[in-house]
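[1] how does the following fold in three dimensions:
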Amino acid sequence: MKAYIDAGVLLSVLVHTDYSAEANGILRHLTGPVSLNYLHQLQAENFLHHKAKRLQDARRGLQTWRQYLWERIFEIGSTDWDGGFRLAVEWNRNEIFAPAPLLVLHPALAVMSQATHFASFDPRSRKVAKSAGLKVLPP
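    Below is the predicted model of the structure:
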């Protein structure tokens with residue numbers, strides 16, 4: 001199984017949310033390191049620096065983020081950005097879309113990375129991934 005996690009799952013690992021227990025459960029079942037891309041990094045660091053509700057949560061989340069990168073639980077790898085964007089645009093044209101571009105882009109990047117599974121808590125993004133033939137996590 002090669003899984004792609006979206007930003008919601010990633011942030012639920014880094015900062016306590018209603019989905020944190022499920023996100024950590026997904027992460028435990030994946031063989032590491034979990035491959036991320038620069039969009040993940042941008043979304044995680046932006047959230048942790050600017051949008052975390054409490055400073056303490058942000059600090060703890062940044063510490064966890066750095067530790068998981070150092071321990072190679074996560075690794076930032078290259079991705080086919082042009083292919084991912086082209087696929088997302090194609091899906092959008094063919095009405096396999098979600099109301100926000102990132103909800104289509106993450107599943108497209110999952111396909112480009114040859115993932116077999118897509119982990120997300122957002123039903124809109126899960127629907128796109130399922131339409132693309134990916135198995136969704138959590139089931």
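[2] which helix runs longest in the protein?
    helix 55-70 (DSSP state H).
[3] next secondary structure element downstream of it?
    strand 74-76 (DSSP states H and E).
[4] which neighbouring elements make contact with that next one?
    Packing partners of strand 74-76 (3 or more CB pairs under 8 Å, 6 or more residues apart in numbering; DSSP states H and E): strand 34-36, helix 38-46, helix 55-70. All C-beta atoms are positioned from the backbone trio N, CA, C, and that covers glycine.
[5] looking at the ones you listed, which is buried most?
    Neighbour counts averaged per stretch over the helices and strands packed on strand 74-76 are highest for strand 34-36, at a mean of 21; criterion: mean count of other CB atoms under 10 Å.
[6] any idea what the residue nearest to Ala3 when sequence neighbours are not counted is bridged to?
    For Ala3, the nearest residue in space outside its immediate sequence neighbours is His117; the separation is 4.1 Å by CB to CB, 6 or more residues apart in numbering. Each beta-bridge partner of His117 is listed here, defined by DSSP bridges: Ala3, Lys135.
[7] now the helices and strands packed on strand 74-76 in a markdown table, please, with extra columns for distance to Ser125.
    Output for those, formatted as a markdown table (distance: least, CB to CB, whole Å):
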| stretch | distance to Ser125 |
| --- | --- |
| strand 34-36 | 16 |
| helix 38-46 | 13 |
| helix 55-70 | 21 |
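[8] and the ones you listed: which comes nearest Ala7?
    Proximity of the helices and strands packed on strand 74-76 to Ala7 was assessed by CB to CB; the nearest stretch is helix 38-46, lying at 4.2 Å.
[9] quick revisit: can I get the helices and strands packed on strand 74-76 in a markdown table including mean pLDDT?
    As requested, the helices and strands packed on strand 74-76 are arranged in a markdown table below (pLDDT from 0 to 100):
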| stretch | mean pLDDT |
| --- | --- |
| strand 34-36 | 95 |
| helix 38-46 | 95 |
| helix 55-70 | 91 |
